[in-house]
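Enquirer: generate a structure from the sequence data that follows.
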Amino acid sequence: MSAVQILDMNYVSLTFYCLLVISLLLYYILPHKFQVGVLLCTSIIYYVVAMPSMKHILMFVTMILINYIWGLVIEKAKGENAKKLRLLTVVGCICSAFPFAFMRLMDLLYGSILRRERLSFIVPLGLAFFSMQMVAYLVDVSKGGKAEKNIFRHFLFMSFFPTIVQGPILRYEKMAKELFLSHKIEIKNIIYGFRAIIWGFFLKYMIADKAGVYVDHVFDNYLGYAGLYVLIAAVLYSVQLYTDFYSCVLICRGVALLYGISLPQNFNHPYFSRSIGEFWSRWHISLSSWLRDYVYIPLGGNRKGRIRKYSNLMVTFLISGLWHGGSLNYIFWGLMHAVYQIVHDFTKNMGKMKDSSDEKIDIKIMKTLVTFFLVMLGWIVFRAESLSIALHMIEAMFKVFNPWILFDGGIMSLGLDAKDWNVLLLSMLTLLYVEKAQFKNNYNLDKVSLPSRIVLYCVLIFVIAAFGTYGADYATQNFIYGGF
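Expert: Coordinates of the predicted model:
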């Protein structure tokens, strides 16, 4: 994973929230006609502070300028020859995706094939996300969407600071009204925004970073652990990855909502899925929908027979793997999910595996557990430093049976003491309760009186401050998906 180090603008840093407070004051105090300018200036300041050098900033600006100009070129060509329009669109998409695709392919070539030191690249912050956003913008313009003629608005769409690091991947037509229309301050948006930010901090400090201590220890010292040690690490990494990514998305959505801007949902309780297909409709929704709309469907989707459908699935998930990283384990992870979907397509109409809304609860639970287990195996491949390490860990997990480590203190020597484990497990149960209630539509804090909600938020803040994994002797981990 070639991570870009965020300097002083991590979404949980004091610097970020100082910038946010100043920006919000200007946003609502100044006349409405200046709101787009405030957002643009805030995004520029964020990016300049977050980027390690001017070279990264110049590359980012250059990519946006090329995308802006090419959007106007495609707009002008829409009334001309269809082949010319298609060619211009393809060229524009290649230009937009080339820096990111080249970096990934070189990582794969040098790191996994030639096994030599990887080349050093200029990697602007959020390259994986805004590259896909640029491609989507050009394709949508070619299909009838309007190209943005105001360069400052285009720049804001591509660089909106809450989404630049980890998305969600925005679609121009849906976000233009949100970003460019004036917004009045609304108490409801302020409350919802802060609630999302607080819950994001809870997921980050109480679950993700705590689980990461154990996960890092086992994965970094994989030769010394087997059996239940690896299984627990795999389960905790599944939880860590979800809560880390989801926490950042929640914070981003909360920050945007403080401005009155609603971002698209990126997660919808993915670990309650009963099939891999359903999992991908609930996990990283903006990426899944992008792959569906700009890769799978243009390749033919499921319209040209079963063999072509399966080939399209393999290509789509191969691209998904490469998007996450330029090494064999990411490719293998992507192809695993393609195989999962193909096998499910063969078996979904067989007996008890047939999808049905009136299934018995035990069948639903079984499907959910099987889906989670398959996803978890994939996460081992995803997290390991190499494919060979991942396969070794999976083998070690099945070869050794050692349940006594739960009772002899074995897992207490891997970075988390008894108090940390209690806090982590209680926090995970809290998350499970909230997610289950939301999944069943039985969770609505708006029905609780405002004073009670304020008390609840204050209690949550106190719990995070008292029991969260952070402090002078602990380095808060950067958000995992910020490295893709």
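
Enquirer: how about low-confidence regions in the stretch 51-200 of the chain?
Expert: Filtered on pLDDT under 70, the stretch 51-200 of the chain yields the residue ranges 119, 121.

Enquirer: where do the helices sit along it?
Expert: For the stretch 51-200 of the chain, the helices defined by DSSP state H, counting those that start in this stretch occupy 54-77, 82-107, 127-142, 151-159, 172-180, 187-202.

Enquirer: now, of those, which is deepest in the fold?
Expert: Neighbour counts (mean count of other C-beta atoms under 10 Å) averaged over each of these peak at helix 127-142, with a mean of 24. Using the backbone N, CA and C atoms, a C-beta is placed for each residue, glycine as well.

Enquirer: what packs against that one?
Expert: Contacting helix 127-142 under the criterion 3 or more C-beta pairs under 8 Å, 6 or more residues apart in numbering; DSSP states H and E are the following elements: helix 54-77, helix 82-107, helix 151-159, helix 172-180, helix 285-291.

Enquirer: 6 Å - rerun?
Expert: In this structure, helix 127-142 packs against helix 54-77, helix 82-107, with contacts taken as 3 or more C-beta pairs under 6 Å, 6 or more residues apart in numbering; DSSP states H and E.

Enquirer: got the domain boundaries for the protein?
Expert: The record's domain split for the chain, according to automatic domain parsing, is 14-184, 189-274+355-483.

Enquirer: quick one: end-to-end distance for the first one.
Expert: In domain 14-184, first residue to last residue: 26 Å (C-alpha to C-alpha, to the nearest Å).

Enquirer: give me the element residue 433 is part of.
Expert: For residue 433, the element it lies in under DSSP states H and E is helix 418-439.

Enquirer: I'd like the distance between the residue nearest to residue 156 when sequence neighbours are not counted and residue 425.
Expert: Excluding the flanking residues, the one nearest residue 156 by C-beta to C-beta, 6 or more residues apart in numbering is residue 40, at 4.6 Å. Here the distance between residue 40 and residue 425 works out to 44 Å (C-beta to C-beta, to the nearest Å).

Enquirer: neighbour count: these two, which is higher?
Expert: Ranked by neighbour count (other C-beta atoms under 10 Å), residue 40 and residue 425 place residue 40 first, with 19 against 12.

Enquirer: tell me which helix or strand that one sits in.
Expert: Here residue 40, judged by DSSP H and E, is contained in helix 35-50.

Enquirer: give me the helices and strands touching that helix, please.
Expert: Contact here means 3+ C-beta pairs under 6 Å, 6+ apart; on that basis helix 35-50 packs against helix 14-29, helix 151-159.

Enquirer: biggest helix in this structure, by residue count?
Expert: With DSSP state H applied, the helix covering the greatest number of residues in the chain is identified as helix 228-258.

Enquirer: helices or strands up against it?
Expert: Taking 3+ C-beta pairs under 6 Å, 6+ apart as contact, the helices and strands that helix 228-258 lies on are helix 187-202, helix 209-220, helix 361-383, helix 387-399.

Enquirer: closest to residue 29 out of those helices?
Expert: Between residue 29 and the helices and strands packed on helix 228-258, the tightest spacing by C-beta to C-beta is seen for helix 187-202, at 14.9 Å.

Enquirer: got the angle for the longest helix of the chain vs helix 387-399?
Expert: Using axes from the mean of the first three to the mean of the last three C-alpha atoms, to 10 degrees, the interaxial angle of helix 228-258 with respect to helix 387-399 works out to 120 degrees.

Enquirer: list the contacts of the helix or strand following helix 228-258.
Expert: With elements assigned by DSSP H and E, the helix or strand that comes after helix 228-258 is helix 276-282. With contacts defined as C-beta atoms under 6 Å, 6 or more residues apart in numbering, helix 276-282 is touched by 268, 270, 273, 288, 340-341, 344.

Enquirer: so which of those residues wins on neighbours?
Expert: When neighbours are counted by other C-beta under 10 Å, residue 340 leads the contacts of helix 276-282 with 22 neighbours.

Enquirer: how many residues are close by the residue nearest to that one when sequence neighbours are not counted?
Expert: Of all residues not flanking residue 340 in the chain, residue 276 sits nearest, at 4.1 Å (C-beta to C-beta, 6+ apart). Neighbour count of residue 276, defined by other C-beta under 10 Å: 24.

Enquirer: quick one: residue 276 and residue 309, what's the gap?
Expert: To residue 309, residue 276 is 15 Å away according to C-beta to C-beta.

Enquirer: try residue 396
Expert: Summarising the geometry, the distance separating residue 396 from residue 309, computed by C-beta to C-beta, is 36 Å.

Enquirer: now residue 219
Expert: Counting by C-beta to C-beta, the separation of residue 219 from residue 309 is 35 Å.

Enquirer: what sits closest to residue 331 if chain neighbours are left out?
Expert: If the residues on either side of it in the chain are set aside, residue 331 comes closest to residue 321, at 4.5 Å by C-beta to C-beta, 6+ apart.

Enquirer: my read: that neighbour touches residue 336, true?
Expert: No - no contact is recorded between residue 321 and residue 336 when judged using C-beta atoms under 6 Å, the distance being 8.8 Å.

Enquirer: which of these two has more neighbours?
Expert: More neighbours surround residue 321 than the other of residue 321 and residue 336, with 25 against 19 (other C-beta under 10 Å).

Enquirer: what sits against that one?
Expert: The contact partners of residue 321, by C-beta under 6 Å, 6+ apart, come to 330-331, 333-334.

Enquirer: next SSE downstream of the helix or strand in which it is found?
Expert: Assigned by DSSP H and E, residue 321 belongs to helix 306-324. Counting by DSSP H and E, the next helix or strand C-terminal to helix 306-324 is helix 328-347.

Enquirer: who's in contact with that next one?
Expert: Contacts of helix 328-347 with the rest of the structure, by C-beta under 6 Å, 6+ apart, involve 112, 275-277, 310, 313-314, 317-318, 320-321, 324, 353, 374, 378, 381-382, 384, 386-387, 390.

Enquirer: cool, and stretch 189-200?
Expert: For stretch 189-200, the surrounding residues in contact (C-beta under 6 Å, 6+ apart) are 247, 250-251, 253-254, 257-258, 260, 457, 460.

Enquirer: likewise for stretch 120-127?
Expert: 4, 50-51, 55-56, 59-60, 100, 103, 164-165.

Enquirer: which parts of it are buried?
Expert: 121, 123-127 (16 or more other C-beta atoms under 10 Å).

Enquirer: what's the most distant pair in the residues you listed?
Expert: In the buried residues of stretch 120-127, two members sit farther apart than any others by C-beta to C-beta. They are 121 and 126, at 14.4 Å.

Enquirer: how about stretch 124-136 as PDB, C-alpha atoms only?
Expert: What follows is stretch 124-136, C-alpha atoms only, in PDB (Å, rounded to 0.1, in the frame of the first residue of the first chain):
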ATOM      1  CA  PRO A 124      -1.300  13.500  -4.600                       C
ATOM      2  CA  LEU A 125      -3.600  13.000  -1.700                       C
ATOM      3  CA  GLY A 126      -6.700  11.200  -2.700                       C
ATOM      4  CA  LEU A 127      -5.400  10.200  -6.100                       C
ATOM      5  CA  ALA A 128      -7.400   6.900  -6.200                       C
ATOM      6  CA  PHE A 129     -10.600   8.700  -5.400                       C
ATOM      7  CA  PHE A 130     -10.500  11.900  -7.500                       C
ATOM      8  CA  SER A 131      -9.200   9.900 -10.500                       C
ATOM      9  CA  MET A 132     -12.400   7.900 -10.600                       C
ATOM     10  CA  GLN A 133     -14.400  11.000 -10.000                       C
ATOM     11  CA  MET A 134     -12.800  12.600 -13.100                       C
ATOM     12  CA  VAL A 135     -13.500   9.600 -15.200                       C
ATOM     13  CA  ALA A 136     -17.100   9.500 -14.100                       C
END
